[in-house]
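Enquirer: structure of the sequence below:
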Amino acid sequence: MQKIKTALLSFGMSGKVFHAPFLEAHSGFTIGGAWERSKEEIAKQYPDAKRYTSLEAILNDPSIELIIVNTPTYTHYDYAKHSLLAGKHVVVEKAFTTTVAEAEELKSISEKQNKKLAVFQNRRWDSDFKTVQQVINDGKLGELVEVTFSFDRFNPLLSPKQHKETPGPGAGVVNDLGPHLIDQALVLFGMPEAVFADIAITRKHSRVDDYFEILLYYPQHRVRLKAGYFVKENGPAYIVHARNGSFIKSRSDRQESRLLAGEKPTLADWGVEPETEQGILNYLKAGETVREKIPTLAGNYLSFYEGIHRSIVQNEATPVTAQDGLNVMKIIEAALRSSEDKTIIDL
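Expert: Numbering: from 1, shown residues only. Below you'll find the model as predicted:
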């Protein structure tokens, strides 16, 4: 299998947890190294990997084909642009950029350079979302009426990561958790006709938004996306109401917690949820109510990197395209404007 030598632009939590384990697990990638500004961590886990002391050193290394831009959101546009112009394929973490204009420019540059550009929307491969997607596509629920996706936490304290708490481009929960929920909604339903949003600050001393409710308007149904930091008792993270029934499902994908514990995605039970987290489908069948638990599909973020490998080697579309990332940014910009103006934004 053709090997794609890959460099990470940081080796903090995201590099160690969400990227390197999957690059290592996939036989089509080689971890070439990481940009480490002060620490020297990557070689401790990957002895053959190189520590780069600058972005330029990575860009000037002809052996590096793919660059993972896993740095703070406000840097994504600049680092991705330089990487593409240097002739590298690029994966950018969410949020893709800080503006629609930046996303459009990156998409244009990747096309002109004939280089692959993808957005790391890994939550498409969560076990819970994959199961919700299967239930909706199965058709038993019938025509959708109301859908709610939430990503809630109980975390009243400010993050020690200053870039997350400092006002500026890319800061706040709309740019942090919003892309996960928005992308999942767009995967299932496509672009909405209009957007309404309520965005607020709820934590003491916070200077960036930490609560949102975004309403997406579709011709026949509504999709509500919610996130907040004061949810001590979680309800269902996915609620689907349709003309023939309902489906509810917890947010219970175990991949992140297992990665943080140092487990590898090559384990046989990778992405498998406990049976206790199965969703409940309640619907009408031949006029009779059927209420049943739905087995949860296994999640696997490795599917993203399998798609990246095929896109580069076989010239397929990336698993999450630049257009997908651009569409998410359109929703975010509309939501910010809607909340500020207290009005519905037509798309």
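Enquirer: how deep is the nearest residue in space to Leu260 that is not next to it in sequence tucked in, by neighbour count?
Expert: Distances taken as CB to CB, 6 or more residues apart in numbering place Val17 nearest to Leu260, at 6.0 Å, with adjacent residues excluded. Where you see a C-beta, it was placed from the backbone N, CA and C, and this is true even at glycine. By other CB atoms under 10 Å, the residues close to Val17 number 17.
Enquirer: go ahead and confirm Val17 touches Glu256.
Expert: Yes - the pair Val17 and Glu256 passes the contact test of CB atoms under 8 Å, sitting 7.1 Å apart.
Enquirer: for the residue nearest to Leu260, give me its contacts.
Expert: Contact analysis of Val17 by CB atoms under 8 Å, 6 or more residues apart in numbering lists 256, 259-260.
Enquirer: so which of those is the most crowded?
Expert: Of all the contacts of Val17, Leu259 has the most neighbours under the rule other CB under 10 Å, reaching 20 neighbours.
Enquirer: what about that residue, distance to Ala20?
Expert: Distance, Leu259 to Ala20, using CB to CB, to the nearest Å: 10 Å.
Enquirer: please tell me how far the residue nearest to Leu260 sits from Ser38.
Expert: Distance, Val17 to Ser38, using CB to CB: 20 Å.
Enquirer: also Gln45?
Expert: Distance of Gln45 to Ser38, computed by CB to CB: 17 Å.
Enquirer: more neighbours, these two?
Expert: Each of Gln45 and Ser38 has its neighbours counted (other CB under 10 Å); Gln45 has more, 14 against 6.
Enquirer: that one contacts Leu23, correct?
Expert: No - using CB under 8 Å, Gln45 is not in contact with Leu23; the gap is 11.5 Å.
Enquirer: re earlier: what about the residue nearest to Leu260, which SS state?
Expert: Each residue gets one of three states, and Val17 gets helix by DSSP: H, G, I helix; E, B strand; the rest coil.
Enquirer: please tell me the pLDDT value assigned to it.
Expert: pLDDT, Val17: 96.
Enquirer: cool, Ser38 as well?
Expert: With respect to pLDDT, Ser38 has a value of 84.
Enquirer: which ones are touching the residue positioned nearest the centre of the chain?
Expert: Taking CA atoms, centre = their mean, the centroid of the chain lies closest to Gln121, which sits 2.9 Å from it. Applying CB under 8 Å, 6+ apart, we find Gln121 in contact with 94, 179-180, 183, 320, 324-325, 328.
Enquirer: where's it relative to Leu144, distance?
Expert: Counting by CB to CB, the gap from Gln121 to Leu144 is 22 Å.
Enquirer: and for Gly172?
Expert: Counting by CB to CB, the gap from Gly172 to Leu144 is 29 Å.
Enquirer: who has more neighbours out of those two?
Expert: For Gly172 versus Leu144, neighbours defined as other CB under 10 Å are more numerous around Gly172 (25 against 19).
Enquirer: and that one, how far is that from Asp210?
Expert: Gly172 sits 7 Å away from Asp210, taking CB to CB as the criterion.
Enquirer: re earlier: so which of the contacts of Gln121 are in helices?
Expert: The helices, defined by DSSP state H, take in 179-180, 183, 324-325, 328 from the contacts of Gln121.
Enquirer: can I get the residues you listed in CSV including distance to Lys264?
Expert: Compiled in CSV, the ones in helices among the contacts of Gln121 are given as follows (distance: CB to CB, whole Å):
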residue, distance to Lys264
Pro179, 26
His180, 23
Asp183, 26
Asp324, 28
Gly325, 28
Val328, 30
